[in-house]
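Asks: Kindly generate the corresponding structure for this input.
(chains A and B)
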2 protein chains.
Amino acid sequence: MTPPSPEAIELYDTTLRDGTQREGVSLSAVDKIRIAQLLDTLGVAFIELGWPGSNPKDVEAFDRARDLPWQNAKIAAFGATRRAGTTAGGDPQIAALLATGAPVCTIFGKSSMLHVREVLRVSPDENLRMIADSVQYLVESGRRVVYDAEHFFDGCRDDAAYAMETVRAAARAGAEVVVLCDSNGGTLPSEIDGRVRSVLADLRTTVGIHAHNDAECGVANSLAAVQAGAKHVQGTINGYGERCGNANLCSIAPTLEVKLGVRCLRDGALAQLTHAARQVAEIANLAPDTHAPYVGRSAFAHKGGVHVAAIRRHPRAYEHIDPALVGNRTRVVVSELSGRGNVMAKAEEFGVDLDGAEHAVLRGVKDLEARGYAFEAAEASVALLMRRQSPGYTPPFDLVDYKVIVHKRPNEESYSDAGIKIRVRGEVVHTAAEGNGPVSALDAALRKALTAAYPEVNGIRLEDYKVRILDGVAGTSATVRVLIDNGFGEERWTTVGASSDVIEASWLALVDGIEYGLAVARASRSAQKGAA
Amino acid sequence: MTPPSPEAIELYDTTLRDGTQREGVSLSAVDKIRIAQLLDTLGVAFIELGWPGSNPKDVEAFDRARDLPWQNAKIAAFGATRRAGTTAGGDPQIAALLATGAPVCTIFGKSSMLHVREVLRVSPDENLRMIADSVQYLVESGRRVVYDAEHFFDGCRDDAAYAMETVRAAARAGAEVVVLCDSNGGTLPSEIDGRVRSVLADLRTTVGIHAHNDAECGVANSLAAVQAGAKHVQGTINGYGERCGNANLCSIAPTLEVKLGVRCLRDGALAQLTHAARQVAEIANLAPDTHAPYVGRSAFAHKGGVHVAAIRRHPRAYEHIDPALVGNRTRVVVSELSGRGNVMAKAEEFGVDLDGAEHAVLRGVKDLEARGYAFEAAEASVALLMRRQSPGYTPPFDLVDYKVIVHKRPNEESYSDAGIKIRVRGEVVHTAAEGNGPVSALDAALRKALTAAYPEVNGIRLEDYKVRILDGVAGTSATVRVLIDNGFGEERWTTVGASSDVIEASWLALVDGIEYGLAVARASRSAQKGAA
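Replies: Numbers count the residues shown, from 1 in each chain, chains lettered A, B, ... in the order given. Here you go, the predicted structure:
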């Protein structure tokens, strides 16, 4: 049977060290400090800022961290046990740990006989001395020491008695936490449970878990360890990390707090989790994972008509928790599978009074989706569809005509030229522009044509442009769907266009993006006036 | 303690039904058949093709599936129990299940008292009759019946006795499998274990698990159920599904086979898993998840210097399994480009004698990849790159010039016209054609220009056309990558082009597709002559 979980555990974040091992992630010292401050606000107990012995960027991060006011977190410096055949005091890598001034030093050592013999190539006894000396030296130097028992679970499968001796050596030398690491990430929850219990039966020190996600069990393994009695959990924001990532703190924290009643964040911080997860993604310059548990944009999105009807009857019918608990929200996806309820829910969300036009809007949605539109990812286009049905709406401009020419000679860049004619406030504007390709030429021409009437058009950013072919088998005559992500200040919105002609599909999405953007710009101007 | 796991379990794939609930996924009937054929090759026991009662596209998929030779899998049709106050025989949605001709019918019913009262709004007894009648009617109609007990685990928390009655009703009525569904995806492995054991103690029917990933435990929950005795596991390829996705079969299958010794795929199929996962992503036009366990491009990638040094000393030092078992490979990120040995192996595979040009080819590959090409999925373009380096290769045609005009007036279809000039066997051919869009106009013009010299060009089919944007932040000036799938007779090949201009990228992939196709056509003609 499951024993009672602890009342509270300490979270140890390693986004800034193990997280940066993810392919494509590179954080500057300033990025690291920004993320550390976010983590501190959440109430994470330990923040591992880097490995000072491994690169100068991390040394700079520790320098910056030293004088900052940390509210909740202790800063930790990461390193290895001393080299074989030296003393801990004489090891420059350990000196670098002390030089950071960080109050916590985390060192990893080998718990697996295979690693001791094949990778480290030292005797089992020397490895035990390396662990004990290094921990003791750091403790005597006035540091709190976290000991990471690398490859602990794999080590147990090789030689469980030796693996246990390594963690005993660390505990006896004064480590305040002994962290059992599943470094290759392949251990399963059923095995974690038993191993954690054995260690707890043997040591009086706090036991922690450091899991990876190579068998897609990183979160489950961390939970299994807590349920077995571990009181310290290491992981990263968004599960960033080498290979398949580290255990994802954005899933572990809400599960512990909401489902298991185990405290791990500052009071009230859980509701900031979604925001923090997305900010970390932005700082790391990675697209946030839409489908991430708890914090993803789709984590509480409902597409099927059956589900949407059910959540209108009972909000929790298809939601495992109230999304507001983690700062996320329910989203109804308007799509071909949806009914009138979806449209009404959406109109409420946009603040559009459809006044009986629900059926016309729904017909419009279904009609356009049959022609290849996909509104579920393009809410701004849905909002425009609704606005265009409300009486008194005047679009800021209308298309009269466009013509695009693409010219290519061998060994030359291709050349694109777009001419457009649009009607703006009763006048026809006729202009032209060049671009890298036909779509960027059209985009440039449209902005040029609108600048006189709407100078704010130049504040609208085109942030992403996605093309998808819908019906593969029709080859180049297939319907093409274009999605455009737009931005203005802090606001972001997505628009869609579809056609068998990629240029026309792009034009439709471009026009929606600008039309919606002009309304955003107007609203932001009025808000500023109101505030002044 | 963990009881012995079963020796084998049956996998039930619902990528084509529950998987399509993922935001942004929309599969045509042809796409569904292509994915089903891949799953059949892997040895999945059941393939849920769709919900015939919910949309006409699924009816078409069942029509296409009926006469195909399925080697390993049974096709399943998905639906709901009958409506309240009718008979199963009189319910059009159940009639639609039978009309598919699928040998297996899977129906879901309510196991949660909350859902019975608040969503369905029928009496608990009527709900039990709805379950029993529907199962019995389908069994009497000669179908094998899988019963999905929706919200089973949530239902147990509300009213465990009633939840148990619902699965008993299905089992008594003749369901061959009772599947316990964690429909909201918020249940934890520790709870799954006990519930599955209780049901197994009560029923003699096979028990299955259907998990979602809302607490990032979809895979762990499926494994916990198997370790508790479940013998049927539902999930999707790449974990596609609504909200945070379904349980990921691409993680479950290798863990079961490699780590727990539980068979679930055809002999030898595990080594095709990586390929299958990526193909399904391509067909769904989703970028494969680089960091996915087992099948991701980074799943066995090593970045940290320590890890790279260690894996050079001992290959398994930082790998939980041999990547070849799942058809993946170790990758060192430091120099992520392939070496000379790689190019030579590829040339042998294509039967091209590079005769010292390996370095030139390697430079070409690196150069083009830096500009946005991706050769991994486009081997025909790699083969052409090699042929163009071999002495004596004469391309069947060369581009002199092209010009495309796209014209659009409001409320009219857009109009595309392509003029091209190419050199064929020493003569310049200048011609023009129209198309649905600029790319189809170019395609038509190219074929027209080649017909006189190479009439076989008309046997080359353009089977799929995919566009991907590589550098999101550059907006409409971003690099565009086009992949084209081509066919001639039984042969299929893929070509790639990249440019900031979507028309040019398409042209490059089109030209490679036709150039490679002319060689395929020639080879097939000689083979026929040889046979005659």
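
Asks: Tell me the span between the first and last residue of stretch A:94-107.
Replies: By Cα to Cα, to the nearest Å, the extent of stretch A:94-107 from end to end equals 9 Å.

Asks: can you tell me the helix or strand for A:Gln71?
Replies: Using DSSP states H and E, A:Gln71 maps to neither a helix nor a strand.

Asks: Tell me how far it lies from chain B.
Replies: Look at A:Gln71 and chain B: by Cβ to the nearest Cβ, to the nearest Å, they are 28 Å apart. Bear in mind the C-beta positions are built from the backbone N, C-alpha and C, glycine included.

Asks: May I have the phi/psi pair for that residue?
Replies: In terms of degrees, to the nearest 10, the main-chain angles of A:Gln71 are phi -80, psi -40.

Asks: Contacts only, for it.
Replies: Contact analysis of A:Gln71 by Cβ atoms under 8 Å, 6 or more residues apart in numbering or on different chains lists A:40-41.

Asks: Please apply the same query to A:Cys156.
Replies: Contacts here follow Cβ under 8 Å, 6+ apart; on that basis A:Cys156 touches A:163-164, A:195.

Asks: mind listing which of those residues are in helices?
Replies: A:163-164, A:195 (DSSP state H).

Asks: would you list those in JSON lines and tack on pLDDT and distance to A:Ala519?
Replies: Rendered in JSON lines, the data for the ones in helices among the contacts of A:Cys156 read as follows (pLDDT from 0 to 100; distance: Cβ to Cβ, whole Å):
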{"residue": "A:Ala163", "pLDDT": "98", "distance to A:Ala519": "63"}
{"residue": "A:Met164", "pLDDT": "98", "distance to A:Ala519": "66"}
{"residue": "A:Arg195", "pLDDT": "97", "distance to A:Ala519": "58"}
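
Asks: and those residues as CSV, adding neighbour count and distance to chain B?
Replies: Formatted as CSV, the ones in helices among the contacts of A:Cys156 follow (neighbours: other Cβ atoms under 10 Å in any protein chain shown; distance: Cβ to the nearest Cβ, whole Å):
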residue, neighbour count, distance to chain B
A:Ala163, 26, 16
A:Met164, 20, 20
A:Arg195, 24, 13
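
Asks: would CSV of those with distance to A:Gly89 be doable?
Replies: Listed next are these as CSV, based on distance: Cβ to Cβ, whole Å:
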residue, distance to A:Gly89
A:Ala163, 27
A:Met164, 28
A:Arg195, 33
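
Asks: OK, contacts around A:Gly489?
Replies: By Cβ under 8 Å, 6+ apart, the residues touching A:Gly489 are A:459, A:520, A:524.

Asks: same question, A:Gly235
Replies: A:Gly235 makes contacts with A:11-14, A:210-211, A:218, A:222, A:246-249, A:252, as judged by Cβ under 8 Å, 6+ apart.

Asks: For it, list each beta-bridge partner.
Replies: With DSSP bridges applied, the residues forming beta bridges to A:Gly235 are A:Asp13.

Asks: Please report the confidence value the model assigns to it.
Replies: At A:Gly235, the pLDDT value in this model is 98.

Asks: how much space between it and A:Leu39?
Replies: Counting by Cβ to Cβ, to the nearest Å, the separation of A:Gly235 from A:Leu39 is 11 Å.

Asks: what touches both of the two?
Replies: Contacts common to A:Gly235 and A:Leu39, judged by Cβ under 8 Å, 6+ apart, are A:Asp13.

Asks: Of the contacts of A:Gly489 - the most surrounded one?
Replies: A:Val520 (21 neighbours; other Cβ atoms under 10 Å in any protein chain shown).

Asks: Sticking with that one, tell me its helix or strand.
Replies: Element membership for A:Val520, per DSSP H and E: helix A:502-531.

Asks: same thing with A:Asn184?
Replies: Using DSSP H and E, A:Asn184 sits within no helix or strand.

Asks: Check the gap between the residue of the stretch 101-250 of chain A at minimum distance from chain B and B:Gly218 for me.
Replies: Nearest to chain B, among the residues of the stretch 101-250 of chain A, is A:Gly186, at 2.5 Å (Cβ to the nearest Cβ). In this view, A:Gly186 and B:Gly218 are 18 Å apart by Cβ to Cβ.

Asks: go on, A:Arg329?
Replies: The gap separating A:Arg329 from B:Gly218 is 22 Å, by Cβ to Cβ.

Asks: Looking at these two, which is more packed in?
Replies: B:Gly218 (31 against 14).

Asks: That one contacts B:Ala224, doesn't it?
Replies: No: using Cβ atoms under 8 Å, B:Gly218 is not in contact with B:Ala224; the gap is 10.9 Å.

Asks: buried set for stretch A:123-141?
Replies: Residues of stretch A:123-141 classed as buried: A:127-139 (neighbour count, 16 or more other Cβ atoms under 10 Å in any protein chain shown).

Asks: Pull the contacting residues for the closest residue to chain B within the stretch 201-350 of chain A.
Replies: Scanning the stretch 201-350 of chain A for the residue nearest chain B gives A:His320, at 2.5 Å (criterion: Cβ to the nearest Cβ). Each residue near A:His320 by Cβ under 8 Å, 6+ apart is listed here: B:184-187, B:214-215.

Asks: Any of the residues you listed buried? List them.
Replies: Restricting the contacts of A:His320 to buried positions leaves B:184-187, B:214-215, with burial counted as 16+ other Cβ under 10 Å.

Asks: so which of the residues you listed comes closest to chain A?
Replies: B:Gly186 (2.5 Å).

Asks: Enumerate every residue touching the residue of the stretch 351-500 of chain A found nearest chain B.
Replies: Residue nearest to chain B within the stretch 351-500 of chain A (Cβ to the nearest Cβ): A:Gly437, separated by 3.2 Å. Listed by Cβ under 8 Å, 6+ apart, the contact set of A:Gly437 reads A:406, A:414, A:416, B:476-477, B:480, B:499-504.
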